[in-house]
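Student: give the three-dimensional model of this entry:
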Amino acid sequence: MPKITIDGTEHEVDAGMTILQACEQAGKEVPRFCYHDRLSIAGNCRMCLVQMERSPKPVASCAMPVADGMVVYTDTPEVKKMRQGVMEFLLINHPLDCPICDQGGECDLQDQAMAYGMDHGRYKENKRAVEDKHMGPLIKTIMTRCIHCTRCVRFSTEVAGVTDMGLIGRGENAEIVTYLDQAVSSELSGNVIDLCPVGALTSKPYAFAARPWELKKTESVDVSDAQGCAIRVDSRGPEVMRVLPRLNEDVNEEWISDKTRYCVDGLKRQRLDQPYVRVKGKLQPATWPEAFAAVAKAIKGKQGSEIAAIAGDLADCESMLVLKELMVGLGSTNMDCRQDGSKVDPAQRASYIFNSTIAGIEDADALLIVGANPRWEAPVLNARIRKRYLMGKFPIAAIGPAIDLSYPVDWLGEDADILAQIAAGTHPFAEILKTAERPMIIVGSGAVARPDGAAVLGLARQAADAAGAVTADWNGFNVLQRAASRVGGLDLGFVPGEGGMDTGRILDGAATGAVKVIYLLGADEIDTKDLDKPFVIYQGHHGDAGAHVADVILPGAAYTEKDATYVNLEGRVQRGQLAVYPPGDAREDWKIIRALSDTLNATLPYTTLADVRRGLVKANPVFQGIDDIQAAPWGEFGTTGEVSGAFTYPIANFYMTDPISRASATMAECTDEILGGGEGKTGTDG
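Tutor: Numbering: from 1, shown residues only. As a prediction, this is how the structure comes out:
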C-alpha cells in the first residue's frame, strides 16, 4: 500500500485512490464541484487543486492517483490563493440571484464561496446569459447559473443509461443541453437536481415552495415500489413538501426514482378524510361509530366462509397483522395480500424474495431476466444491474418483449417455453449460466401471476438448480416483487388458511354471492366489476378504485402519516416514520382495525404500537432485526407442468401504479409528455 504525506503527516492508503480520496480519508477537506464518487472523473472545475512536491504546477487532486512517497499540501497560502482564483473565475458569469434561487441554503457554490472565496470580485464586464433549456415537467433550468461541472451529463449517461444530455460548444459558448430540446427520458432524472452543485437544475414542481430551514426532516422508506429506498420526507406544517434520497449503500446507494420523488403531491388530492356509509346507493359522510355500526350490521349473522379480506400494495405490516387476526377471530380464512394473483409459495421464503440481495447484484457474473421489466418495476435496482454491466464480463439475457433496459440484453424471445428449454439445459444460454461462478436469475412478479405462474416458478427453480445458482455462500434465484406490502404480507401469512380462498377465488365468490362481505385494506389494483353483490368495506387513504365500490369507507393514513413497518423485496425489515398527521378524521390503519374489533365483539389484544410490533415478532422472527436480511433456506417450490404463451409486463404506465401516483398532477404531466399518454407503453420509450 502506498504511503503519502499530507500536510506533514504520513498516511497509508489503498493503491488506486486519488489524492482527493486520500485527503478525505485523512480528514482533510478538499473543496470540489465536478467530482462525485459515483461518477467518472471529469476534472472540470479545478476547485480541488493542491500543491505537490516536485510538481511544477498545481495538481487537480480528483484526477491524480496516489503514488508512494507523494508529499501533498492542502492548506498553504498558495493553495488558498489558487482556490480563491478558481472561485473568482467560476463567479465571473454566475448571476447574483441567491435570494430567489431554490438552491439557496443547499448550494455548494454558496458554501464554498463563503469558505474558500474572496470578499470581492474584479470582473467588471457584462455577464454572459444562457437560454434556459426544456428538460420536461420535473427539472427546472436556469442555465446562466451553470458552472459546467457536467455531473448531470455523467449521471444520465453512466448511471441512468440515457444519452439525452450533453455539453456542446467550447469556452464561453459551452452549454449543457438536451440535444433535441425534449424531456429527459429517464425514470431517475430527478437525481440530477441533487447532483447539481449550483441552482442550474432545480425541482420544477417544488419551485418557490419553501426554504430548507423551514422544513421538518423525517427519515423514512419509499413504498412506490418494493425496493424500499431510503428517503427523507421534508414537511412544513401538515403538508409534505418534497421527498429526497438518503444514503443506503445496500439498498439504493443515494438514488431514488422520479415517482418516489415527485408523486407526493398526490398526498394532497382525492384524500379520504372522514368515514362514509352508502345510503340508498350514495355514499354519505358519517361518524366513526356510525361507520363501525354499519360494518357490524353487515357482518352480523355471517359465517366465516362468507367473509374475506384483501390487502393492497401499500399496506404496512402492522395493519396486515391486525386485520389477519380480526379475520381469524371472525372465523374466516379467506384472505390474501397478492392482488395480482401471484403463485409464489408462502411456505418457502426463498420463493418470493430477492435472495441475492440488491448489493449482491455486483457479485453476479451472468444474469437471466424472466418476464420482468426492472427499469419500470424497480428503477434503482435496474441502475445497479447497469452498474454491474459497466464493470464488465456480465452476459445478460432476457425472456419477454424486447425493450430498452439501459444496458445491452440478449433477447431470447417472448415465449415461456424458452424458460423450459433453459431449465432442461437444451438452450445455449443454459451453458453460460452453468459456467458462471455466480449466476443470477430474476423472475418478474408478472411472470408468476399468470395462470401457469406456479409452473413458471417451478421451471425457474429448476433452472437455478441446473446452473448451480444456489450454493453455500450464494443464492442467485430472485423474484422481483413490485408491491411494497408483498413480502411483509407473505412473511405474516396474510394468505388463505386451511380451506380459504385466494384473491381470484374471493372475487369469483363475490360474483356468485358466496362471499357476502369483503374487507379491502387499500386494495385498488383488483378488478372491482364483480363487487356489486357483497358488502364492501374499504380502508384506505385515497378515493381510488376500491373506494368507488365501497359500502363503508374507513379513512386510513398514507405512508408519510404513520409509524409503520415494511419488508422490501430482498426481505429487509424497514421502518417508515410519521412525518405529518393524517388529514381530518383519518387514523392509522392498525388503530382503525383494533377499534373495529371492539364493535364486532372480537377484541384484539393490542393497545399500543409496541404491542403490535411484539405481535409481528411473534408471528415471524424475521421482524426482530430492523434493516437486517435473513437468508432464506432453499427448498422445493413451484409445480411441474406445461407453460406456454408470451410473457407480458405488468406495468403499462410507470408514473401511475398506485393510488398516490394516480392522484398526482405531476405524474399526470409525466404521463402526457414523456409517455405520450401512456397507452400501450411497456418501457421502450421510458
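Student: separation between the residue lying closest to residue 306 once chain neighbours are set aside and residue 522?
Tutor: Nearest residue to residue 306 in three dimensions, chain neighbours excluded: residue 516, at 4.3 Å (Cβ to Cβ, 6 or more residues apart in numbering). C-betas here are computed from N, CA, C, even on glycine. As for residue 516, its distance to residue 522 is 21 Å (criterion: Cβ to Cβ, to the nearest Å).
Student: same check, this time on residue 587
Tutor: 14 Å.
Student: who's more crowded, those two?
Tutor: A count of neighbours by other Cβ atoms under 10 Å puts residue 522 above the other of residue 587 and residue 522, at 28 against 21.
Student: okay, and the common contacts of residue 587 and residue 522?
Tutor: Residues touching both residue 587 and residue 522 (Cβ atoms under 8 Å, 6 or more residues apart in numbering) are residue 556.
Student: pull out the buried positions in the one helix or strand residue 547 maps to.
Tutor: According to DSSP states H and E, residue 547 maps onto helix 545-548. For helix 545-548, a neighbour-count test (16 or more other Cβ atoms under 10 Å) marks 545-547 as buried.
Student: can you name the next helix or strand after that helix?
Tutor: Per DSSP H and E, the first helix or strand lying C-terminal to helix 545-548 is strand 552-555.
Student: following that following strand, which helix or strand shows up next?
Tutor: In the C-terminal direction, the helix or strand that comes right after strand 552-555 (DSSP H and E) is strand 564-567.
Student: direction included, what does that following strand pair against?
Tutor: Using DSSP bridges, strand 564-567 pairs in its sheet with strand 573-576 (antiparallel).
Student: flag every buried residue along the strand it pairs with.
Tutor: Buried residues in strand 573-576, defined by neighbour count with 16+ other Cβ under 10 Å: 573-576.
Student: for those residues, which one is nearest residue 380?
Tutor: Distance to residue 380 across those (Cβ to Cβ) is lowest for residue 574, with 14.4 Å.
Student: quick check: chain neighbours aside, which residue is closest to that closest one?
Tutor: Distance criterion Cβ to Cβ, 6+ apart; nearest residue to residue 574, sequence neighbours excluded, is residue 221 at 4.6 Å.
Student: what residues are up against that neighbour?
Tutor: Per Cβ under 8 Å, 6+ apart, neighbours of residue 221: 228-231, 566, 568, 574-576.
Student: same check on residue 476?
Tutor: 355-356, 364, 438-441, 464, 467, 469-470.
Student: how about 6 Å then?
Tutor: Residue 476 is in contact with 356, 439-441, 469, counting by Cβ atoms under 6 Å, 6 or more residues apart in numbering.
Student: as a markdown table, the residues you listed with secondary structure would be great.
Tutor: Supplementary listing: the contacts of residue 476 in a markdown table, determined by DSSP: H, G, I helix; E, B strand; the rest coil:
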| residue | secondary structure |
| --- | --- |
| 356 | coil |
| 439 | strand |
| 440 | strand |
| 441 | strand |
| 469 | coil |
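Student: one step back: what's in contact with the helix holding residue 547?
Tutor: 520, 523-524, 528, 538, 553.
Student: also stretch 104-123?
Tutor: Contact partners of stretch 104-123, identified using Cβ under 6 Å, 6+ apart, comprise 31, 83-84, 87-88, 92, 98, 197-198, 211-213.
Student: check stretch 434-441 too.
Tutor: By Cβ under 6 Å, 6+ apart, the residues outside stretch 434-441 that reach it are 356, 363-368, 433, 460, 464, 467, 469, 474, 476-477.
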